[in-house]
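Student: Kindly generate the corresponding structure for this input.
(one chain, ligands or ions: 1)
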Amino acid sequence: MDIITLGDDLLRQKAKKIDKIDDEIRALAVQMYEIIKRDKGIGIAGPQVGIMKRIFVVQIEGEEEGRVFINPSILETSVTTNKYEEGCLSIPGIYANVIRSEIIKIQAWNEKGRPFTMEASGLLARVILHEYDHLEGVLFLDHLPENKREKLIEKYEKAKKK
Ligand code: ZN
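Tutor: Take a look at the predicted model:
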């Protein structure tokens, strides 16, 4: 399973709802965990591996258990924000400070097909919002001022050519 990188149109498309949480989806989640481990990421979404389904996996360093989010809805986002440096497995080598809500509430289904609602803050909230964006075809660069975004894309393209 390969990671799709910036420039691929799939990263710009909206992922589709998962109708049935079955063995195929569970196997996909396992593969996604493996990619996070391999590439030292903390989260990955379906579209990043070319699977246009509403699923993402989060595994924050230091936390034993990862979490699978299927058909997620962001229920609440705090007005309070924070700024933190983000990167993306689909845009290797590029990092930038992104402003996001500090606390969120999300509802989703896990790989067993059970619905859950949780509140998240700090890094976990940030990763969830970043991965949720991927399901909507949005990248972290889109949250930056245009001139900053253009500079980073230029930098990425240059590095890619080498
Ligand atoms: Zn990403």
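
Student: how about the strands in the chain?
Tutor: Along the chain, the stretches classed as strands by DSSP state E are 43-45, 55-58, 67-77, 81-86, 96-101, 103-109, 115-121.

Student: mind checking which of these is nearest residue 160?
Tutor: Closest of the strands of the chain to residue 160 is strand 96-101, at 17.0 Å (criterion: CB to CB). C-beta coordinates here come from the backbone N, C-alpha and C atoms, glycine included.

Student: List the contacts of the most centrally placed residue in the chain.
Tutor: Computing the C-alpha centroid of the chain and ranking residues by CA atoms, centre = their mean puts residue 131 first, at 1.9 Å. By CB atoms under 8 Å, 6 or more residues apart in numbering, the residues touching residue 131 are 43-45, 56-58, 69.

Student: go with 10 Å
Tutor: Under the criterion of CB atoms under 10 Å, 6 or more residues apart in numbering, the contact list for residue 131 reads 42-48, 55-58, 69, 72, 88.

Student: In those, find the pair that's most separated.
Tutor: Across these, the longest distance by CB to CB is 18.0 Å; it joins 72 and 88.

Student: neighbour-wise, which of those two wins?
Tutor: Between residue 72 and residue 88, counted using other CB atoms under 10 Å, the more crowded position is residue 88 (25 against 19).
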